[in-house]
Each structure stands twice: as C-alpha cells, then as structure tokens.
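Asker: what's the 3D shape of this:
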Amino acid sequence: MPGTIVHFNPGASIRVVDALMQARGTPSQPIVFTVAPSARQTRGAWGSIALSGFPNRNWNPNTWCGLTARPTVTYDHQLLFNVDYTPGKVCHLFDNVQMTYGGAGGLGMISYSTTHPLIITSSTLSSSASSAVYQASADNIIPVYFGSEYHQIRVYMHNNIFVDNLLYGGQVSYAGIIANNLFTKNGAGAYTASYR
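Answerer: I've put the predicted structure just below:
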C-alpha cells in the first residue's frame, strides 16, 4: 500500500519463496524499506529481500508483466518502454520504493533467483553494505515487444537512483535492460553479463 514503511530489526530479512513480491508506491507516498528507528542507521543494518522459487509454474508469457517499446527514441538512443503490470500480470515489482541501510550478507538489498521477471522503476536504493540489487541466477523472462518483434529479458530497471552502495548499484548476471538510472557514489555502477 502506498506510504507503507517497513522497519527491519538488525540482521532481519524478508524471504519470498514461491510467491510474488509487489511493492507499488506513488511519487508522493513511496513504500519505504529501512532499519528500525531504534537501530543504528548504517549500511548492512538489515539483510535483504530475497526472491526465490516458482511463484507461478504457468510458463505462458501472456500472464507476465510485459514491456512495449515506445514509438520514439527518447534517451541517449535507448528505447524506453511502457510497463504492463495491470492486475493479474505476474512479476516481482518495486515501483516508487525507497530502500536503505540493508545488504548484510553480501547479496544485495534485493536478491533474486527466481523464474519470474523483476521490474524496478522510479525508486531509490541507497546505503547497501553490498550491491543494491543482486541477481544470483534466474530463468525469468520479461516479454519485450519492439513493434511486431518479440524479445525476452530478465530484469528491467528504469528511472531509479542508486546511491552510496558499497558494491554495485545493480549486479545483473543475465539479460536485462538498465536505462535512465542515476548511479552515484557507489563502489561501481551497474554490471550485467548480457543486455540489449
């Protein structure tokens, strides 16, 4: 729910297994994930939101969140996308989220190894003791449409701010689209082994 604040006790994590994590705030009421006010406000004060398993064994891409290329090239020769996360569409989603002071254990504040797509948009991820986002492995697929052409990716990060994370802002080991994000004061910006 927009405006929700989730406080973690020191060292605590959220593990999402065979289910979906969807946090959708608004620009004026972001969803906040941070350490409890009584705890020390520092990197690694809490662990991660770990996404794993098979939340939906229906491998029909028509049920998944999809991306449709906008008709014009608008940012540094990168195609920008409209995201289809209407009710009933399946993906892990963080939209208008603020996340800070996590990353204990070295796996990132968001860590995922799952079959379903990960979409992070319009969010700020800061002060992780590791990477802000860490993709351990993934068989997830986001259907991407370039006009009539169909492609597949596994993670989409757009219009986010990654700041003051000890390692990478985003560490994505498999195909992803990382576009129009701001990376500042991180150990490194973004890493992806394969991308479009």
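
Asker: pLDDT weak spots in the chain?
Answerer: Residues of the chain that meet the criterion pLDDT under 70 lie in 54-90, 114-115, 137-153, 173-175, 192-196.

Asker: make it 80
Answerer: 18-19, 53-91, 113-117, 136-155, 171-177, 179, 190-196 (pLDDT under 80).

Asker: in it, which spans are helices?
Answerer: Counting by DSSP state H, one finds no helices in the chain.

Asker: Would you confirm that residue 134 contacts residue 107?
Answerer: Yes - the pair residue 134 and residue 107 qualifies as a contact (Cβ atoms under 8 Å) at a distance of 5.1 Å. For every residue, glycine as well, the C-beta is placed using N, CA and C.

Asker: residues shared between the contacts of those two?
Answerer: residue 48 (Cβ atoms under 8 Å, 6 or more residues apart in numbering).

Asker: Compare the two and say which is more crowded by neighbours.
Answerer: More crowded of residue 134 and residue 107, by other Cβ atoms under 10 Å: residue 134, with 25 against 22.

Asker: if I pick that one, what's in contact with it?
Answerer: So residue 134 contacts 48, 107, 108, 110, 111, 112, 168, 171 (Cβ under 8 Å, 6+ apart).

Asker: try residue 23
Answerer: 4, 31, 33, 93, 94, 95, 97.

Asker: Separate out the buried members of those.
Answerer: 31, 33, 93, 94, 95, 97 (16 or more other Cβ atoms under 10 Å).

Asker: Now do stretch 8-25: distance from first to last residue.
Answerer: 19 Å (Cα to Cα, to the nearest Å).

Asker: Mind listing what's buried along that stretch?
Answerer: 8, 10, 12, 13, 16, 19, 21, 23, 24, 25.

Asker: pretty sure residue 49 contacts residue 105?
Answerer: No - using Cβ under 8 Å, residue 49 makes no contact with residue 105, being 12.0 Å away.

Asker: picking up where we left off before, grab the two from the buried residues of stretch 8-25 that are most spread out in space.
Answerer: 10 and 24 (27.2 Å; Cβ to Cβ).

Asker: So which of residue 49 and residue 105 has more stuff around it?
Answerer: For the pair residue 49 and residue 105, the greater number of neighbours falls to residue 49 (23 against 16), based on other Cβ under 10 Å.

Asker: Spatially nearest residue to that one (excluding sequence neighbours)?
Answerer: Ranked by Cβ to Cβ, 6 or more residues apart in numbering and with sequence neighbours excluded, the top spatial neighbour of residue 49 is residue 14, at 4.7 Å.

Asker: show me what contacts that neighbour?
Answerer: Contacts of residue 14 by Cβ under 8 Å, 6+ apart are 21, 48, 49, 50.
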